[in-house]
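J.: coordinates only, sequence not included:
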């Protein structure tokens, strides 16, 4: 049974789950697997002078990481978050899993979406072989309350960061490994399984008639840019910006061009 109190906390504990800076057109950032709202710190800091820039922690980084949930539950969480923020609608920005959620939010709550920013994310499911690999990786931690083993955390760096970052910014990489090694295994298990079996929403992208910016790290080996590019053909109003020297976590790996792309999009469209 889905824990409805998990959704309600986004309405009633909004201030505890968000970083909320500035005033103006709201833009809400949702993070990806293993990450948290701090992955958008550079963007929030830069955008707060003109926009209400908000980032929030998804369930896996809260005390409501279990029982099982899916992307549609996370979509309801986002709607409750807007309620808690006192906003009827916002630009929804999501990285990877956050982008999977953003697309579904636009489908489920079209009147509450002013625009989309899809960061290192795609509309299609993972191929069966990749799904099997991910599933096998987290299966041992289904009931584990103890922290994720550090070797598992360290093994995730090639998925989350690009070659340039892995070679030239070890401080950033190790700081996140330290953080991942504090997560309950069970939280990571449910987080990954929230999206692992997701359906393909490509054939519904034509319904999302709001301005959309696709931002993607050129060095993203987890979800290469070629997997995101087809969305340009299916979304009615979309543009794409590739970020050099950045992998799957482009907002932290090369934050300035990511922020510049988002600001230019917001300034032009909102």
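T.: Cool, got the structure. Computed from a predicted model, the values in this text were never measured in an experiment.
J.: quick one, what contacts the nearest residue to residue 32 once chain neighbours are set aside?
T.: In space, and not counting its chain neighbours, residue 32 is closest to residue 96: 3.1 Å by C-beta to C-beta, 6 or more residues apart in numbering. C-beta: built from backbone N, CA, C; applies to glycine. Neighbouring residues of residue 96 by C-beta atoms under 8 Å, 6 or more residues apart in numbering: 32-33, 35, 119-121, 222-223, 248.
J.: Please convert the buried members of these into ChimeraX selection syntax.
T.: Buried members of those, defined by 16 or more other C-beta atoms under 10 Å, are picked up in ChimeraX with:
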select :32,33,35,119,120,121,222,223,248
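J.: Out of the contacts of residue 96, flag the one nearest to residue 184.
T.: Taking C-beta to C-beta as the measure, residue 184 lies nearest residue 33 of the contacts of residue 96, at 14.3 Å.
J.: So what's the residue count around the residue nearest to the closest one when sequence neighbours are not counted?
T.: Using C-beta to C-beta, 6+ apart and skipping the chain neighbours, the partner closest in space to residue 33 is residue 97 (4.9 Å). By other C-beta atoms under 10 Å, the residues close to residue 97 number 24.
J.: any idea how far the residue nearest to residue 32 lies from residue 86?
T.: Residue 96 sits at a distance of 28 Å from residue 86 (criterion: C-beta to C-beta, to the nearest Å).
J.: what's the answer for residue 138, then?
T.: 36 Å.
J.: between these two, who's got more neighbours?
T.: Neighbour count, other C-beta under 10 Å: between residue 138 and residue 86, residue 138 has more, with 20 against 8.
J.: List the contacts of the residue nearest to residue 33.
T.: Contacts of residue 97 by C-beta under 8 Å, 6+ apart are 30-33, 58, 71, 121, 191, 194-195.
J.: Repeat that for residue 194.
T.: 59-60, 68-71, 73-74, 97.
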